[in-house]
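# sequence plus the predicted model coming up.
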Amino acid sequence: MAGQRSRPGSGDTPPADKARRARELREQLEYHNHRYYVLDDPELPDVAYDRLLRELEEIEDKYPALASPDSPTRKVGAAAPRTFSEVVHAVPMRSLANAFEDAEVEAFDRRIREIIELEKGEVEYVAEPKLDGLAVSLRYEAGWLVQAATRGDGRQGENITQNMRQVLGERTSLAGNGVPAVLEVRGEVFMAKEDFLEMNAAQRAAGGKTFVNPRNAAAGSLRQLDPLVTARRPLSLFAYALGEVSGGDVPGTHWDILQWIRGFGLPVCDLAERVRGVSGCLDYYHAMRERRDSLPYDIDGVVYKVSRMDWQTYLGHTARAPRWALAHKLPAQEEMTVLERIEIQVGRTGAITPVARLTPVFVGGVTVSNATLHNRDEIMRLDARPGDTVVVRRAGDVIPEILSVVMDKRPKNAKPFEFPDRCPVCDSDIVYEGEGVVARCSGGLFCDAQRREAIRHFASRKAMDIEGLGEKIVDQLLAAKLINNVADIYHLEKEPVAALERMADKSAENLLNAIEKSKDSTLGRFLHALGIPLVGEATAEGLADYFGDLDPILEADAETLQQVPDVGPIVAQSIHTFLEQDHNREIIQRLRDSGVRWPRAQRQAVRADSPFAGKTVVLTGTLSMARAEAKKRLQSLGAKVTGSVSKNTDYVIVGADAGSKAEKAEELGVTMLDEQAFRELAGDGD
């Protein structure tokens, strides 16, 4: 039987580099399993994940001492999160072994025939499309749905019964005769392509969240805490297998089981077919490959299952997958071409994005000549260099991306790409956010690439609040070269403004009056209006409260800026770099010279003897004072107020109806104060 033969290298001591690589692969796969199965937010395309999994399988196969029962090669999915209650599957929901080449399907069929000792004839398989959705298990008792669960880690999943009732509708009760006392049906919940596009369009119009692809949309919709949200999502189901069954006569072939399930009123994919032997499997695969783009739903492969149930039982399964089934993955829509050069683009918010200019190649149904490289780290990870031959992927409407570099085709004179440290448009410093991943031009008030967005933001309601200076007027003013940056707004004259399309003397006069009115502002609004990266309304107000006026902020170094509550080293560096640029300072001075002003505030004093000075504090529950008032009081006492409890938290102030934050504080041993104790420490009772 398979698994009992000794393997080459089984007695060898694993080399240190292989052991290290196996650990790295397990960590990466566990991380990506969590993102895919739990968060519904995968970072890797399937083809890249499959490569990692296959590499680990090959290492473990050659060096069995490196294999372990909890390896991703022996597990399914990821553990269920605690958002929903847990369900233990009566029959495990295993995954499937993958094939990528026709030869692997031939080997699968050969192993099947060897194990069942079939010397003549062909094995009958059921071939079905492999839908890209979310696997679920539906448990019916006496014909009524009593429980629905996700696959989870294969042994236990999430209880999604109420949400599946919304998807199933009248199918929460089974139709027909001969319904077993207990019937568990496994299936795939998915979202059709057209439904996905319509839902995303509606979400976008309503200002809601849009989804990256139908698979994530289906999974996210099924994990809603409110079943009514699930009910509004266009979800579909195809049943494809059984779990636990008792009190009924189960058909003897998988094909007949599908018809049996269909007879109870549950939907089964019409594209499933009975095929014979390896040739039948491959014919079906290539037919589905041709039809892939025209299908109403996404598929990422086809599945072959031995049809006879007695053979399925005899063949058995591994810890992760049945031996009687195989997923034959369709190729990702990839092609090779040459990376001619890398160019740097500056977005309207200053984001610096490297773009690959490619020798045009036909892939995914279109000719591709550009691909995103995301960021500096991605270029370094790929080690992509001009002149390299690269693998490009394009699926549907997704922006093409470079998956890998074909190293053995690298020209001898290929040089590493040097990411610029200055903006190619305005020559300002490039700063990095998000642990050095996101690059951004610091010349927000000056950079031509950002000027439209900078002016629009400057005039917005929560910034300088210039009524009437909306996007269309900004575009007209820029097109007519009446303004080039935010300082020019305060030098506009009535006659050229009135000459703009759909403007007249009265509307021009109203706009100029609104501009004049905006000169009386606050320091917080002005700082927010400057569009400093990472500085929103709250941070701007914090800066204003702490420093009292603009000049001390302009003079402050990054270390001094970190003394402001909620300003960490990354935000402090962003502020310092922005205000250090000569052209930004020039525009700020022009704004002040134009009459933009604010009342000078008293710099916030911090009590040196405060027990909260330098402490990290979390507020939870309901206090007699407003949360904002409590936060401001703590900040005046030198505390840093954060939103989550960690081992670095010094105090948690607990009000009425405190929840998980209080529990976390107790778990970590963090000091908890009720409101009275807080007031006493703060000196409010003196």
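Ah, there it is.
# okay, now residue 628: neighbour count?
For residue 628, the neighbour count with other Cβ atoms under 10 Å is 8. From N, CA and C alone the C-beta is placed, and that goes for glycine too.
# again with residue 269
A count of nearby residues for residue 269, using other Cβ under 10 Å, gives 17.
# what's near enough to touch it?
Residues in contact with residue 269 (Cβ atoms under 8 Å, 6 or more residues apart in numbering) are 128, 129, 131, 238, 240.
# on the pLDDT front, check it for me.
If you check residue 269, the pLDDT there is 95.
# what distance do you get for it to residue 129?
Distance of residue 269 to residue 129, given as Cβ to Cβ, to the nearest Å: 6 Å.
# repeat that for residue 239.
Note on residue 239: its distance to residue 129, by Cβ to Cβ, is 13 Å.
# neighbour count for these two, which is higher?
Neighbour count, other Cβ under 10 Å: between residue 239 and residue 129, residue 129 has more, with 25 against 21.
# what's the pLDDT at that one?
Per-residue confidence (pLDDT) for residue 129: 96.
# and for residue 312?
On the pLDDT scale, residue 312 is placed at 95.
# isn't it up against residue 322?
Yes - the pair residue 312 and residue 322 passes the contact test of Cβ atoms under 8 Å, sitting 7.2 Å apart.
# for the helix or strand where residue 287 lies, what is the average pLDDT?
Element membership for residue 287 (DSSP states H and E) is helix 277-291. Averaged over helix 277-291, pLDDT sits at 94.
# go on, stretch 615-627?
The average pLDDT for stretch 615-627 rounds to 85.
# touching it from outside, list them.
The contact list for stretch 615-627 (Cβ under 8 Å, 6+ apart) reads 630-631, 633-634, 638-645, 648-659, 661-662, 665, 675.
# swap in stretch 381-388?
The contact list for stretch 381-388, computed with Cβ under 8 Å, 6+ apart, reads 338-342, 356, 373, 390, 402, 404-406, 409-411, 413-417.
# quick one, which of these are buried?
The neighbour count (16 or more other Cβ atoms under 10 Å) marks 338, 339, 342, 356, 373, 390, 402, 404, 405, 414, 417 as buried among the contacts of stretch 381-388.
# the second one and residue 356 touch, don't they?
Yes - A contact is recorded between residue 339 and residue 356 when judged using Cβ under 8 Å, the distance being 5.3 Å.
# report how many residues lie close to residue 309.
17.
# once you drop chain neighbours, what's closest to it?
Excluding the flanking residues, the one nearest residue 309 by Cβ to Cβ, 6 or more residues apart in numbering is residue 252, at 5.4 Å.
# got the contact list for that neighbour?
Contact analysis of residue 252 by Cβ under 8 Å, 6+ apart lists 308, 309, 310.
# what separates the last one from residue 246, distance-wise?
Spelled out, it's residue 310. 19 Å.
# for residue 305, see how far away the closest residue to residue 257 other than its chain neighbours is.
Excluding its sequence neighbours, the residue lying closest to residue 257 (Cβ to Cβ, 6+ apart) is residue 251, at 5.1 Å. Distance, residue 251 to residue 305, using Cβ to Cβ: 14 Å.
# and the helices in the stretch 301-450 of the chain?
Applying DSSP state H, counting those that start in this stretch to the stretch 301-450 of the chain gives helices spanning 309-315, 376-382.
# which strands and helices sit next to the first one?
The one in question is helix 309-315. Judged by 3 or more Cβ pairs under 8 Å, 6 or more residues apart in numbering; DSSP states H and E, the packing partners of helix 309-315 are helix 102-115, helix 254-263, strand 299-306.
# what sits up against it?
112, 115-116, 123, 250-254, 257, 305-306, 322-324.
# any of these buried? List them.
Among the contacts of helix 309-315, the ones that count as buried by 16+ other Cβ under 10 Å are 112, 115, 123, 253, 254, 257, 305, 306, 322, 323, 324.
# how about these, which pair is most distant?
115 and 257 (21.4 Å; Cβ to Cβ).
# pull out the buried residues from the contacts of stretch 615-627.
Buried among those (16+ other Cβ under 10 Å): 630-631, 633-634, 638-641, 645, 649, 651-655, 658, 661-662, 665, 675.
# among those residues, which are in helices?
Of the buried ones among the contacts of stretch 615-627, the ones assigned to helices by DSSP state H are 630, 631, 633, 634, 661, 662, 665, 675.
# pLDDT and distance to residue 208 added to those residues, as JSON lines?
Formatted as JSON lines, those follow (pLDDT from 0 to 100; distance: Cβ to Cβ, whole Å):
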{"residue": "630", "pLDDT": "83", "distance to residue 208": "32"}
{"residue": "631", "pLDDT": "78", "distance to residue 208": "29"}
{"residue": "633", "pLDDT": "80", "distance to residue 208": "36"}
{"residue": "634", "pLDDT": "83", "distance to residue 208": "34"}
{"residue": "661", "pLDDT": "87", "distance to residue 208": "28"}
{"residue": "662", "pLDDT": "87", "distance to residue 208": "32"}
{"residue": "665", "pLDDT": "88", "distance to residue 208": "34"}
{"residue": "675", "pLDDT": "87", "distance to residue 208": "37"}
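# name the nearest of those residues relative to residue 543.
So of these, ranked by how close each gets to residue 543 (Cβ to Cβ), first place is residue 631, at 15.6 Å.
# just list the residues touching the closest one, thanks.
Neighbouring residues of residue 631 by Cβ under 8 Å, 6+ apart: 619, 641.
# next up, phi/psi of residue 580, please.
Backbone torsions of residue 580, given as degrees, to the nearest 10, read phi -80, psi -20.
# that one and residue 534, how far apart?
Going from residue 580 to residue 534 by Cβ to Cβ gives 15 Å.
# check residue 59 too.
Taking Cβ to Cβ, one finds residue 59 at 42 Å from residue 534.
# cool, residue 126 as well?
Counting by Cβ to Cβ, the gap from residue 126 to residue 534 is 55 Å.
# the more surrounded of those two?
Shown here are residue 126 and residue 534; by other Cβ under 10 Å, residue 126 has more neighbours (22 against 19).
# which pLDDT value belongs to that one?
For residue 126, pLDDT reads 97.
# could you identify the helix or strand that succeeds the helix or strand containing it?
Element membership of residue 126, judged by DSSP H and E, is strand 124-131. Counting by DSSP H and E, the next helix or strand C-terminal to strand 124-131 is strand 134-141.
# strand partners of that following strand, parallel vs antiparallel please.
Strand 134-141 has the following strand partners under DSSP bridges: strand 144-150 (antiparallel), strand 182-190 (antiparallel).
# and the shortest one, how far from the chain's centre?
Spelled out, it's strand 144-150. On the basis of Cα atoms, centre = their mean, to the nearest Å, strand 144-150 is displaced by 28 Å from the centre of the chain it belongs to.
# again with the last one
A distance of 27 Å separates the C-alpha centroid of strand 182-190 from that of its chain, computed with Cα atoms, centre = their mean.
# just checking, next helix/strand downstream of it?
Once the chain leaves strand 182-190, the next helix or strand it forms, by DSSP H and E, is helix 193-205.
# what packs against the helix or strand following that following helix?
Sequence-wise, the next helix or strand downstream of helix 193-205 (DSSP H and E) is helix 214-222. In terms of contacts (3+ Cβ pairs under 8 Å, 6+ apart), helix 214-222 is packed against strand 134-141, helix 161-168, strand 182-190, helix 193-205, helix 227-231.
# touching helix 214-222 from outside, list them.
Residues from elsewhere that reach helix 214-222, judged by Cβ under 8 Å, 6+ apart: 40-42, 132-134, 136, 150, 160, 163-164, 167, 189-193, 196, 199-200, 211, 229-230, 233, 235, 297-298.
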